[in-house]
Structures are given as C-alpha cells and as structure tokens.
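Visitor: what's the 3D shape of this:
(one chain, ligands or ions: 1)
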Amino acid sequence: MTKQSRDSRDTLFAATDAEFGAFTFDQKVVDVFPDMIKRSVPGYTTIIHMAGQLAERYAQAGSLCYDLGCSLGASTLAMRHRIQAAGVKIIAIDNSQEMIQRCQQVIDADSHEIPVELRQESLLDSQIENASVVVMNFTLQFIAPAERDRLIARIYQGMRPGGVFILSEKLTFNSAHHDELMNELHYYFKKTNGYSELEIAQKRSALDNVLIPESLECHQQRLAKAGFEGTELWFQCFNFSSLLAFKPIQEK
Ligand code: GEK
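Guide: Numbers count the residues shown, from 1 in each chain. I've put the predicted structure just below:
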C-alpha cells in the first residue's frame, strides 16, 4: 500500500447529486478504508490495540489465530506484533477481492516473522480449526442474520479449549428511546470527525439492510448457545461494542 492510499480521506458519500446503491466493500471503499473506519467507529483504535494484547495473552503454541472479515489486516498486524507463543500462524479472511489484494500489500510491507495466510472467501465457507484466538471485528453485522447462529457455532467448534473469541459489533438497544439516543450520539461523533449531515445520511441509507446490528442480549444468547462461557462486554462506546468469550477448558 502506498502512503497516499493509506491516508486518503473518505469523501465517498459527499456528492450532492449522486445516486448511491447498496454499500459494498469495493475498490473505492478500500482506498479510503483506514480513514473511514477510524472516523466512523468510536473506539476502533483501542479495539485493534486490545486484539494484540489479548492475542499475546491467549495465543497457544502451535495454534492458529484468525482475523475474520480482516479488511486491510489491522487486527492481523496487531496480533502479529504481540504474539510470543511458538509456531503460531495467523489466518486472515475476507470475501472482498479488493480488500484482500490491498491487505496482501499491507502484510508484505510488514517484516514480522509470524506467518500470515490471506484467504479470499466467505466466512460461511471458511474452515476454522485449531484456533486459540479468533477476532471478528465489525463483520458479523454484515452476515445474513439467518446464518449467524451456524457461523458462531462453527467458530466455537474450530477453537481449542481455553481459546478466546473477540467479537466487536454495532449494537441495537431494546428501548426505542435508548436506541435513538445512542444513534444520535454516534451521529454527533461522526459530525465531530468532519462528516457532513448529507454524508452521514447518504451512508446510512447505503448501509440499510446491509449492516444489520443486533442487541447485546442477542449476541450473549448466541454465544452461550454455541458453548462459549465467561462472556464479557469489555468495551462499549455508544452503540459500538466488543465482547470477549471463552471456549471452556473442560467442556460440559
Ligand atoms: C477491521 N475487521 O479493520 N465473508 C468474509 N468477509 C466478509 C463477509 C463474508 N461473508 N461479509 C463481509 N465481509 C476489520 C473491519 S469491515 C467493517 C471489518 C466495516 C467483510 C467485508 O469485505 C469487510 O472487509 C469486513 O467484512 C467488514 O477491524 O467496514 O464496518
């Protein structure tokens, strides 16, 4: 990746006279992605940093660490720079060809010795095995709701006992009033970060029915149903959150 592309400012939804279709992770998004996600997701930088710390703590020797919906590999790099355990490999998966191509450039420009394998495939078809750390940052929300239970169950099945799953998601809230308040606070966050009212509105409508958030309770129930234990909400800022969940050392 060139410095210029990494630093490009997101003005994708700024045009006043354009028709925007449904949001997709295409080349235009790839070109502005680092700026877009940092100005749109409160706490993103903290969450990435913590993925590294958690991977350092939980990566087991000879295991695989996964970055599911890796985009440009931010969590992959955070893990790669912190993991101490021997014989670990990181698998980073995304179904967008444009994301994976740029991600490969990012990984190639990084000299750390932990091997990274990039896979361009849908998470619905991915094989997950021998995993001690699985990071899924703001990606489950793009998977069809009907597929989510099955995907989380497969992640659990592919994990080693004692492994950690880090799931970051945008949230909805059961009270309409609270939901509206959190949306307003997120709106204010984006305005403060330089997005105009028009940009915010046009991106929201492009994401309608593409990004489908769920409540914290819904995630907790799904994780418990799959077998995860010790689920904790370790980060929340307005309607953006990150959860930790563990595969028990001794399954019941
Ligand atoms: C980060 N985790 O920087 N299979 C694989 N990938 C998918 C699928 C799917 N079915 N659906 C969507 N994606 C990253 C940010 S972005 C979140 C993740 C955001 C991919 C999609 O191509 C995109 O790269 C990513 O999931 C979601 O921490 O942009 O809000």
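Visitor: quick one, phi psi at the closest residue to residue 107 other than its chain neighbours?
Guide: What sits nearest to residue 107 in space, not counting adjacent residues and going by C-beta to C-beta, 6 or more residues apart in numbering, is residue 116, at 5.1 Å. For the C-beta atoms, the positions are set from N, CA and C on the backbone; glycine is no exception. Main-chain torsions, residue 116, degrees, to the nearest 10: phi -130, psi 130.
Visitor: residue 241 against residue 171, yeah?
Guide: Yes. Contact criterion C-beta atoms under 8 Å: residue 241 and residue 171 qualify, at 5.2 Å.
Visitor: residues shared between the contacts of those two?
Guide: residue 216 (C-beta atoms under 8 Å, 6 or more residues apart in numbering).
Visitor: which positions in the protein make contact with the ligand?
Guide: Within the chain, the positions near the ligand by C-beta under 6 Å from any ligand atom are 25, 37, 69-71, 74-75, 93-96, 99, 122-124, 137-139, 142-143.
Visitor: from those residues, which land in strands?
Guide: Taking DSSP state E as the definition of strands, the residues of the chain next to the ligand contribute 93-94, 137.
Visitor: out of these, who's nearest the ligand?
Guide: residue 137 (3.5 Å; C-beta to the nearest ligand atom).
Visitor: before we move on, the earlier item: can you tell me how far the residue nearest to residue 107 is from residue 26?
Guide: 23 Å (C-beta to C-beta, to the nearest Å).
Visitor: same for the biggest helix by length in the chain, what does it pack against?
Guide: In the chain, with assignment by DSSP state H, the single longest helix is helix 176-192. With contacts taken as 3 or more C-beta pairs under 8 Å, 6 or more residues apart in numbering; DSSP states H and E, helix 176-192 sits against helix 197-207.
Visitor: by contact count, what packs against the helix it packs on?
Guide: For helix 197-207, the packing partners by 3+ C-beta pairs under 8 Å, 6+ apart are helix 176-192.
Visitor: tell me what angle the helix it packs on forms with helix 197-207.
Guide: 120 degrees (axes from the mean of the first three to the mean of the last three C-alpha atoms, to 10 degrees).
Visitor: tell me which of residue 116 and residue 26 has more neighbours.
Guide: residue 116 (23 against 13; other C-beta atoms under 10 Å).
Visitor: now do the same contact list for residue 61.
Guide: 85-88.
Visitor: kindly provide the distance from the closest residue to the ligand within the stretch 151-252 of the chain to residue 67.
Guide: Nearest residue of the stretch 151-252 of the chain to the ligand: residue 211, at 6.8 Å (C-beta to the nearest ligand atom). Applying C-beta to C-beta, the value for residue 211 to residue 67 is 19 Å.
Visitor: so these two - more neighbours on which side?
Guide: Each of residue 211 and residue 67 has its neighbours counted (other C-beta under 10 Å); residue 67 has more, 31 against 15.
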